[in-house]
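Participant: Next come a sequence and a model predicted from it.
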Amino acid sequence: MLYAFGSNGRGQLSLGHLEDAHTPAPCLIPSLFPSVPPREIAAGGNHTVLLFPSGECFFAGDNTENQCCLPSTIFPSLTSFHPLSSDHRWEHVSAGWSFTILVDYEGKIFVSGNGQKGELGLGEELRDALLEEIIDFSPGKVIQIASGMAHTLLLTASGDVWGWGAGRKGQLGEPTQSIVPRPRKVEVGFPVSKLDCGKDFSILVNRDNPQHMEILGNDRYRIGPSLASWSGTGILDVQASWNGVYLLETSGTIKAWGKNDRGQLPPPNLDGITSIAVGSEHALAIAEDKTTKERKIITWGWGEHGNCGKSGGGDVIGEVFTLDISAPENVRIGAGCATSFVWMEG
């Protein structure tokens with residue numbers, strides 16, 4: 001069962017309508033929808049992508065720019081999840097404001113949508129695409145891909161990073177270019193094990209020394225110096241919001257730095273956290289009581305569109321909100337641009 005809540009003006013929650021949802025609501029799903037949890041949940045400005053272990057992809061939301069990998073003349077908007085009919089088995093997916101990046105099991109990289117700042121990676125002249133391959137680009141085995149609002153980073157098994165799109169703030173490394181229209185190697189001086197993209201910055205984790213992380217691009221909230229002085233336990237996960245960085249430590253605690261005007265940073269003393277999902281300016285987490293092993297799903301941050309799950313909407317500042325749905329062991333969470341998703345068996 002897949003639940004969604006938050007911003008839904010283009011149908012990106014797959015609820016069959018265009019109204020925001022302030023509490024978790026069951027998504028409309030097609031008959032051929034997989035019964036296993038999605039491996040990846042990606043969200044753009046107003047569209048959502050689900051990637052399943054089978055290599056199948058499902059899209060919902062705004063498709064006026066072909067960002068759902070379907071012809072916009074036929075499907076301008078999808079108010080319920082629609083499968084991507086394709087001969088490809090997809091391995092990785094990411095989504096930016098109005099584009100989607102897909103990597104298949106052969107390592108071929110495809111793009112769909114609109115990009116005025118090189119977001120598609122197809123060169124300076126091509127700003128619109130419908131599931132088009134980035135040719136003459138073979139970076140090696142891809143293990144992760146991430147997109148911010150207008151830039152994308154791709155990580156290979158060798159620890160190399162490639163990027164394209166908007167680069168004016170330095171989020172794609174040196175030399176700084178306003179637009180990087182084709183994939184280029186991002187030189188950081190160390191092999192990378194994990195990465196993510198904020199609105200106009202990037203974070204990269206050193207594979208050889210995981211406590212060393214690099215911020216590229218706009219660091220107006222001085223996240224880089226905070227990371228440099230961090231001396232916590234090991235890292236389970238690293239994710240970025242539009243203006244923040246969140247570390248899930250092996251101890252089950254979260255450390256976060258960045259913008260906090262709407263409660264985006266977690267309250268202190270959270271523990272027992274087993275999973276996080278960071279959206280544009282809000283977050284979800286699965287928390288487990290160390291004694292009873294009882295699990296719950298909590299949210300905090302910007303909640304104007306209902307994306308924190310509170311009845312009536314509203315921000316969750318300095319505390320967490322516990323969703324009124326169960327959290328069995330096999331549960332997945334996802335977050336996007338004022339959108340939230342919870343998958344559980346049932």
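Facilitator: Ah, there it is. Residues are numbered from 1 along each chain as shown.
Participant: so how far is stretch 180-199 from its chain's centroid?
Facilitator: 16 Å (CA atoms, centre = their mean, to the nearest Å).
Participant: Repeat that for stretch 24-40.
Facilitator: Chain-centre distance of stretch 24-40: 18 Å, with CA atoms, centre = their mean.
Participant: buried sites along it?
Facilitator: 24-25, 27-29, 37-40 (16 or more other CB atoms under 10 Å). For every residue, glycine as well, the C-beta is placed using N, CA and C.
Participant: cool, and stretch 201-214?
Facilitator: Within stretch 201-214, the residues scored as buried using 16+ other CB under 10 Å are 201-206, 213-214.
Participant: ok but residue 227 is inside a helix, no?
Facilitator: Yes - judged by DSSP: H, G, I helix; E, B strand; the rest coil, residue 227 forms part of a helix.
Participant: Next up, the contacts around it.
Facilitator: Each residue near residue 227 by CB atoms under 8 Å, 6 or more residues apart in numbering is listed here: 213, 215, 245, 257.
Participant: Kindly provide the distance from the first one to residue 221.
Facilitator: Shown here: residue 213 relative to residue 221, a distance of 15 Å by CB to CB, to the nearest Å.
Participant: about what we covered before: the buried residues of stretch 201-214: which two are farthest apart?
Facilitator: By the measure CB to CB, 201 and 206 form the most distant pair in the buried residues of stretch 201-214, at 16.9 Å.
Participant: Contacts only, for the nearest residue to residue 16 once chain neighbours are set aside.
Facilitator: Leaving aside its chain neighbours, residue 16 sits nearest to residue 28 (4.8 Å; criterion: CB to CB, 6 or more residues apart in numbering). With contact set as CB under 8 Å, 6+ apart, residue 28 has these partners: 14-16, 79-81.
Participant: Which entries within the residues you listed meet the buried criterion?
Facilitator: Buried by 16+ other CB under 10 Å: 14-15, 79-81, out of the contacts of residue 28.
Participant: In the residues you listed, find the pair that's most separated.
Facilitator: Top of the distance list for the buried ones among the contacts of residue 28 (CB to CB): 15 and 81, 10.3 Å.
Participant: anything in contact with each of those two?
Facilitator: Counting by CB under 8 Å, 6+ apart, the common neighbours of residue 15 and residue 81 are 27-28.
Participant: count of residues packed around the closest residue to residue 242 other than its chain neighbours?
Facilitator: Counting by CB to CB, 6+ apart, residue 242 lies nearest to residue 199, which is 3.8 Å off, once chain neighbours are set aside. Look at residue 199: counted by other CB atoms under 10 Å, it has 22 neighbours.
Participant: Helix, strand, or coil at residue 199?
Facilitator: Recorded secondary structure, residue 199: coil (three-state DSSP).
Participant: Next, the contact list for it, please.
Facilitator: Taking CB under 8 Å, 6+ apart, we find residue 199 in contact with 148-149, 218, 242-243, 280.
Participant: and of the buried residues of stretch 24-40, the nearest to residue 183?
Facilitator: Among the buried residues of stretch 24-40, and counting by CB to CB, the member closest to residue 183 is residue 40, at 20.3 Å.
Participant: The closest one pairs with what?
Facilitator: residue 51 (DSSP bridges).
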